[in-house]
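Colleague: I'll drop the sequence and a predicted model, then ask my questions.
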Amino acid sequence: MRVRMVVNPVASGVTEAVVEAVRQPLERVADVELVTTEGVGDGRRLAAESDADAIVPVGGDGIVNEVVNGLRPDTALGVVPAGASSVFARQLGFPTDSRRAARLVAAAISAGSTRTISLGELNGRRFTFAASIGFDADTTGRVDDTRRHRRSHRRPSDARVVLLALETLREDGFALREQMTVRADGGPGQRCSWLAVANQHPYTYFGRIPVKATPRARFEQGLDAVVAHELRAVDLWRLAVYGLFWPGHAAGAGGRIGYLHDRAAIDVECDRPIGHQLDGEYLGTIEQARIRHLPAALSVLVPPQQMPHDGSL
């Protein structure tokens, strides 16, 4: 098998030692070509121009997203996490330790252990696990600004991310006001302040804690979404409680927070330009979104003998 290993050198966990430790087990089972990104968009280009049997990005969820958007239909994806959250890799059953994950990717190559999963797509760009419009996308934009101003480009700590989220809420007067109309599968529109769409559970992680925003989402099904209606200051506790402790909104107990399950199409019309993110990467503002479920869209290498349970393989 021929493998192209795409390394993002500015990812938080990527060092020369890590790159070498990842390369070694892969070279035992495949012919490996190592390439390095130099800027935004390189992951997509390096995947699209390759005729390798598998592409293995090494970095965070951002480089994985770029590679997926350039991947040829007959090329498999292997993921070695080396970022701050590495949500997609964890959903696939890989550990966050790059060396251990690389050994499992090599074992998957040797055993031919693959799985076909669905993806999501927003305005033509694919996402592996989540997309959002509004509150957490705006917070992601603040996180990205913080990273750009750091010499190491490292992601801020979870505590710092919480502070950035509070800054976002403070600018909006500690309230989330309805600012878009959402229609699922051509149904009636509903007003929304913040929309979160997911392809799998968990939606993301807060440290080691899975965020339960979309607990019913599965790779084998359509898209799930959280539709937050107007949330005043006295209602904001719902975001933390439903996300971290009790996801009652997924069973219809959320009141001001609705839930869509197993949907093929979600269309959004914004009242004004609103920030959006895909797989944890802020992508600027949009005024409308065409979100689609892409069934059986990606072949992924998975740890041998892993079985689906509780949102992971």
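Modeller: Thanks, I have it.

Colleague: C-alpha from now on. contacts and neighbour counts both.
Modeller: Will do.

Colleague: show me what contacts Val22?
Modeller: Neighbouring residues of Val22 by CA atoms under 8 Å, 6 or more residues apart in numbering: Val80, Ser98, Arg99, Ala102, Arg103.

Colleague: One more: Ala296?
Modeller: For Ala296, the contacting residues are Thr116, Ile117, Ser118, Leu119, by CA under 8 Å, 6+ apart.

Colleague: could these go into CSV alongside neighbour count, pLDDT and secondary structure?
Modeller: Conversion of the contacts of Ala296 to CSV gives the following (neighbours: other CA atoms under 10 Å; pLDDT from 0 to 100; DSSP: H, G, I helix; E, B strand; the rest coil):
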residue, neighbour count, pLDDT, secondary structure
Thr116, 16, 97, strand
Ile117, 18, 97, strand
Ser118, 22, 98, strand
Leu119, 26, 98, strand
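
Colleague: and the residue positioned nearest the centre of the chain, how far is that from Glu220?
Modeller: Compute the mean C-alpha point of the chain, and by CA atoms, centre = their mean the closest residue is Asp279, 2.8 Å away. To Glu220, Asp279 is 18 Å away according to CA to CA, to the nearest Å.

Colleague: pretty sure Phe88 is in contact with Asp61, am I right?
Modeller: Yes. Shown here, Phe88 and Asp61 form a contact pair, counting by CA atoms under 8 Å, at 6.7 Å.

Colleague: With neighbour numbers in mind, choose between those two.
Modeller: Of the pair Phe88 and Asp61, Asp61 is the one with more neighbours under other CA atoms under 10 Å, namely 28 against 25.

Colleague: Return the residues in contact with that one.
Modeller: Pro81, Gly83, Ser85, Ser86, Val87, Phe88, Asp279, Gly280.

Colleague: Look up how far Ala264 lies from the residue nearest to the centre of the chain.
Modeller: In this view, Asp279 and Ala264 are 19 Å apart by CA to CA.

Colleague: thinking the residue nearest to the centre of the chain is in contact with Arg126, fair?
Modeller: No. With contact defined as CA under 8 Å, Asp279 and Arg126 do not form a contacting pair (9.3 Å).

Colleague: Spit out the residues that contact the two alike.
Modeller: Residues touching both Asp279 and Arg126 (CA under 8 Å, 6+ apart): Asn65.

Colleague: Does Arg23 lie in a helix or a strand, and which?
Modeller: Arg23 is located in helix 16-27, with elements delineated by DSSP states H and E.

Colleague: Low-confidence stretches in the chain?
Modeller: Along the chain, the parts satisfying pLDDT under 70 run over 147, 149-156, 306-313.

Colleague: give me that answer again for 50
Modeller: Scanning the chain for pLDDT under 50 picks out 307-313.

Colleague: now the helices for it?
Modeller: Assigned helices in the chain, in chain order: 16-27, 42-48, 61-70, 87-91, 98-111, 135-148, 158-171, 237-240 (criterion: DSSP state H).

Colleague: need the longest strand for this protein.
Modeller: strand 281-301 (DSSP state E).

Colleague: Can I get that strand in PDB, CA atoms only?
Modeller: Extracted C-alpha coordinates of strand 281-301, given in PDB (Å, rounded to 0.1, in the frame of the first residue of the first chain):
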ATOM      1  CA  GLU A 281     -12.200  25.900  12.100                       C
ATOM      2  CA  TYR A 282     -13.800  29.400  11.800                       C
ATOM      3  CA  LEU A 283     -14.600  30.200   8.200                       C
ATOM      4  CA  GLY A 284     -16.000  33.700   8.300                       C
ATOM      5  CA  THR A 285     -19.600  35.000   8.000                       C
ATOM      6  CA  ILE A 286     -22.400  33.700   5.800                       C
ATOM      7  CA  GLU A 287     -26.000  34.900   5.000                       C
ATOM      8  CA  GLN A 288     -27.300  31.500   4.000                       C
ATOM      9  CA  ALA A 289     -26.300  27.900   4.400                       C
ATOM     10  CA  ARG A 290     -27.200  24.700   2.500                       C
ATOM     11  CA  ILE A 291     -26.300  21.800   4.800                       C
ATOM     12  CA  ARG A 292     -26.500  18.300   3.400                       C
ATOM     13  CA  HIS A 293     -26.000  14.800   4.600                       C
ATOM     14  CA  LEU A 294     -23.600  12.800   2.400                       C
ATOM     15  CA  PRO A 295     -24.200   9.000   3.000                       C
ATOM     16  CA  ALA A 296     -21.300   6.500   2.600                       C
ATOM     17  CA  ALA A 297     -19.000   9.300   1.600                       C
ATOM     18  CA  LEU A 298     -15.700   8.300   3.200                       C
ATOM     19  CA  SER A 299     -13.600   5.200   3.800                       C
ATOM     20  CA  VAL A 300     -11.700   5.500   7.000                       C
ATOM     21  CA  LEU A 301      -9.000   3.200   8.600                       C
END
